[in-house]
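# Predicted model and sequence below, questions to follow.
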Amino acid sequence: MSIPQTGGGPIERYEQLAEYLEDGCKPVSDWRIGTEHEKFGYCRDTLKPIPYAGERSVLAVLEGLRDGHGWAPLEEDGRLIGLTKDGANVSLEPGGQLELSGAPLETIHETCDEVNAHLRDVKDIADKVGVGFIGLGAAPHWLHDDMPLMPKGRYKLMDGYMQRVGTTGRVMMRRTCTVQVNLDFGSEADMVQKMRVALALQPVATALFANSPFFEGKPNGLKSYRSRVWRDLDGDRTGTLPFVFEDGFGFDRWVDYALDVPMYFVYRDGVYIDALGQSFRDFLKGELPALPGEKPTLSDWADHLTTIFPEARLKKFIEMRGADGGPWRRLCALPAFWVGLMYDQGALDAAWDVARRFTPAQRDEMRIAAADHGLQARIDDINMHDLAREVLDIAEAGLKARARPGAQGLIPDETHFLNALRESVESGKVPADELMDRYNSAWDHDVTRVFGEYSY
């Protein structure tokens, strides 16, 4: 979840809402890669989730990173709830999941180095306090009541609201983890093409990265339970957004969509003010019940945009949101997958040629089938395994065309970061399949064995 936005002046013209998004347009030379990933923390001896505070806690990890690795603190109401350093930040998800929101970096070599350095530093602190971290799409055996709610005002408001608008919101908050990548666009037309490709091909990422076959101590029958959870969370702010594929889509149309999404809060002076279910349109008129007579700032608009949760999200960049959290190789593979598709025009055009084949109904069905069946999904004449192979070939070609070397020029490009995905396509097995194989053999149907073999 995002930290509060800052620095925005008053909104004096309606046009500023779209201009805020348009300000994200950058020349190709300035395009960057921002990788985010979440992970579950647990006590090594009990395998229970770590609480916010205490000797073995997420607070102890945050304090260790602050005191031993040079991170600056972010506080709310006197509590340490995040960290920042060199353009990156570490934050807390609602159930205590630890998230790295990486700095905007030029190459996947750099973003993977950042991920590895972060995991190394976290492990250094975790080992000292007796906790571990694991990358999975859903908590394998914890129950709702096992999960603490982190002391952030945003989460307290969301927790109550989620129970009114859907059936799985609190599961998402406490017991799921994701990995995502944030990418730039050069113009409104470039944004439109990238958003369409992102939304249409997000099910391919869901299938390739599916890593949540367990829930509450047993198999749940799905490859990505995390993706399943998102389907019944809140219909006002999730989904595959058919309007993005309609003629005329652009920044203004996204503004119209976002204004129709009910608000969560307004952030003022370190306090989250309850605006649940209220309208940003009323806010623009100075008629918000939570703050009568007051009009929003651009920071309020930026905050509101963070409360929208479709499969791909537009802010001043585009967020790819379809993948389960997972092992470290997959944390580097996700940016490689999307950068390969998005940051070379030839690859982007090829990806759109694939994406434009699908009807709106097929896009929705693919989202469901990818979560349920992974690479074995079938939708009409669409074979997910074949589709994943086709899309992966395009991503690889895009990375070759980018030709960004690493290791002082010894590695010619970024294609090797796709190796984990290539292995899945060749074998037909994604991480969820591997976990189920272990569960049905060496683990003797004991879900908790996942901690010993798959922790960071």
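Received it, and whenever you're ready, just let me know what you need.

# from here on, contacts and neighbour counts on C-alpha atoms
Will do.

# Can you list the strands that the helix or strand harbouring residue 321 pairs with?
Under the assignment given by DSSP states H and E, the secondary-structure element containing residue 321 is strand 318-324. Sheet neighbours of strand 318-324, with direction, are listed as strand 178-183 (antiparallel), strand 312-314 (antiparallel) (DSSP bridges).

# immediately after it, which helix or strand?
Remark: after strand 318-324, the chain's next helix or strand is helix 328-342, criterion DSSP H and E.

# and that following helix, which residues are buried?
Along helix 328-342, these residues count as buried under the neighbour rule (16 or more other CA atoms under 10 Å): 328, 330-342.

# coming back round to it: comparing the strands paired with strand 318-324, which comes out most buried?
When you average the neighbours per residue for each of the strands paired with strand 318-324 (mean count of other CA atoms under 10 Å), strand 178-183 leads with a mean of 25.

# Near residue 404, how many other residues are there?
For residue 404, the number of neighbouring residues by other CA atoms under 10 Å comes to 17.

# Go ahead and confirm it touches residue 107.
Yes: with contact defined as CA atoms under 8 Å, residue 404 reaches residue 107; the gap is 6.8 Å.

# intersection of neighbour lists for these two?
Counting by CA atoms under 8 Å, 6 or more residues apart in numbering, the shared contacts of residue 404 and residue 107 are residue 414.

# still on that earlier bit, widest-spaced pair of the buried residues of helix 328-342?
Maximum pairwise distance in the buried residues of helix 328-342, criterion CA to CA, is 22.2 Å, between 328 and 342.

# out of the buried residues of helix 328-342, who's nearest residue 93?
Within the buried residues of helix 328-342, proximity to residue 93 (CA to CA) peaks at residue 331, which comes in at 17.5 Å.

# ok and the strand ranked longest in the chain relative to strand 178-183, angle-wise?
Of all the elements of type strand in the chain, the one with the most residues (DSSP state E) is strand 33-43. Inter-element angle recorded for strand 33-43 and strand 178-183: 160 degrees (by axes from the mean of the first three to the mean of the last three CA atoms, to 10 degrees).

# which residues touch the following helix or strand past strand 33-43?
Downstream of strand 33-43, the first helix or strand assigned by DSSP H and E is helix 58-69. The set of residues external to helix 58-69 that reach it, using CA under 8 Å, 6+ apart, is 41, 50-54, 71-73, 80-83, 96, 98, 121-122, 125-126, 129.

# Can you flag the buried ones in the residues you listed?
Buried members of the contacts of helix 58-69, counted by 16+ other CA under 10 Å: 41, 50-52, 71-73, 80-83, 96, 98, 121-122, 125-126, 129.

# and the residues you listed, which of them are in strands?
Filtering the buried ones among the contacts of helix 58-69 for membership in strands, criterion DSSP E, returns 41, 72, 73, 80, 81, 82, 83, 98.
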